[in-house]
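K.L.:
show me the folded form of this:
(chains A and B)
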Amino acid sequence: GAVVSQHPSWVICKSGTSVKIECRSLDFQATTMFWYRQFPKQSLMLMATSNEGSKATYEQGVEKDKFLINHASLTLSTLTVTSAHPEDSSFYICSALGQPVNTEAFFGQGTRLTVV
Amino acid sequence: AQSVTQPDIHITVSEGASLELRCNYSYGATPYLFWYVQSPGQGLQLLLKYFSGDTLVQGIKGFEAEFKRSQSSFNLRKPSVHWSDAAEYFCAVKAAGNKLTFGGGTRVLVKP
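P.N.:
The predicted structure follows:
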C-alpha cells in the first residue's frame, strides 16, 4: 500500500508556543488530506479536510485560527497548532487520498503532542 | 448523517479462540466500509474494506468481515487469535467528500 509519513512522532512544547506537524505522501500524489484528533481511549475525530492548493475545510467546532492547515503541494500537508495550551495535548493523525489509488485513504503513524 | 456503532468497548479473548467484533452503520446510500487496527501510539492500518460485490471480504492477518445490508452490519471475524492481535479496532464508513466516520472502537485483549 501507499506510504504516509508523519513527523514528528512526538513533540513536547511550552504553553503559548506553536508547533508544526508534517504529513507527507511518499509514493503517491495526495490530492486530499485529512487531519484527525484522538483523545486517549477514544475514537478519531475529523478536524479538517484539505485539498491541494485550496483552503482547508474545517469541521464544526474546530477553530481554524488555532489549527492552521496548509496543503501547498501534492505530497505535503502541515498542521500548525498555534498558541498551544495543555488542552491541545492529544494524538494527531493525518491521512491522505490521491492518485493512483483514490478509493481509500492511507494513514500516517500519528503525532503525540504534549503541551506543558 | 452517517454513523457507526461498535457496541463492544472491550473484548477479552483467549489466544487461539475465535474473535468477532460487531459494527453497525447508518448511511443512506451504498456504504463503503472499512476495518482498521491501531496499536498503542500508532496510526491506523487497514485490515479490509468493502465497496461492492462479494459480501464476505478477506483481509490481512487472517481477518474477514461480512457485509449484511439487511442488518446494517459489517462484523469482523478471525478464527484463531494470536497475542499480537491485541489492539484497538475501528470500523468506519466513507461518506460524501471521502470523509471517514469512525465507530468508537473496540479494544481487544488476548489472554495467554
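K.L.:
quickly list what A:Ile69 is bridged to.
P.N.:
A:Ile69 has these beta-bridge partners by DSSP bridges: A:Leu79.
K.L.:
hmm, it is touching A:Tyr36, no?
P.N.:
No - proximity of A:Ile69 to A:Tyr36 does not meet the contact threshold set by C-beta atoms under 8 Å, at 12.0 Å. C-betas here are computed from N, CA, C, even on glycine.
K.L.:
please give me every residue in contact with B:Ser26.
P.N.:
Residues in contact with B:Ser26 (C-beta atoms under 8 Å, 6 or more residues apart in numbering or on different chains) are B:Gln2, B:Ser3, B:Val4, B:Thr5, B:Ser72.
K.L.:
in this structure the third one contacts B:Ala92, no?
P.N.:
Right, B:Val4. Yes - under the criterion of C-beta under 8 Å, B:Val4 makes contact with B:Ala92 at 6.3 Å.
K.L.:
the more surrounded of the two?
P.N.:
With neighbours defined as other C-beta atoms under 10 Å in any protein chain shown, B:Val4 and B:Ala92 compare such that B:Ala92 has more, 27 against 23.
K.L.:
beta-bridge partners for that one, please?
P.N.:
On the basis of DSSP bridges, B:Ala92 is bridged to B:Phe34, B:Phe102.
K.L.:
pLDDT score assigned to it?
P.N.:
According to the model's per-residue confidence, B:Ala92 sits at a pLDDT of 95.
K.L.:
again with A:Asn51
P.N.:
Turning to A:Asn51, the model gives it a pLDDT of 88.
K.L.:
give me the distance between it and chain B.
P.N.:
10 Å (C-beta to the nearest C-beta, to the nearest Å).
K.L.:
what does A:Gln60 give?
P.N.:
Distance, A:Gln60 to chain B, using C-beta to the nearest C-beta: 11 Å.
K.L.:
which of the helices or strands spans that residue?
P.N.:
Secondary structure here is read from DSSP states H and E; on that basis A:Gln60 sits in neither a helix nor a strand.
K.L.:
list the contacts of B:Val13.
P.N.:
Residues in contact with B:Val13 (C-beta under 8 Å, 6+ apart) are B:Leu19, B:Val81, B:Val108, B:Leu109, B:Val110, B:Lys111.
K.L.:
part of a strand, is it?
P.N.:
Yes - in this structure, B:Val13 lies within a strand as judged by DSSP: H, G, I helix; E, B strand; the rest coil.
K.L.:
perfect, I'm done here.
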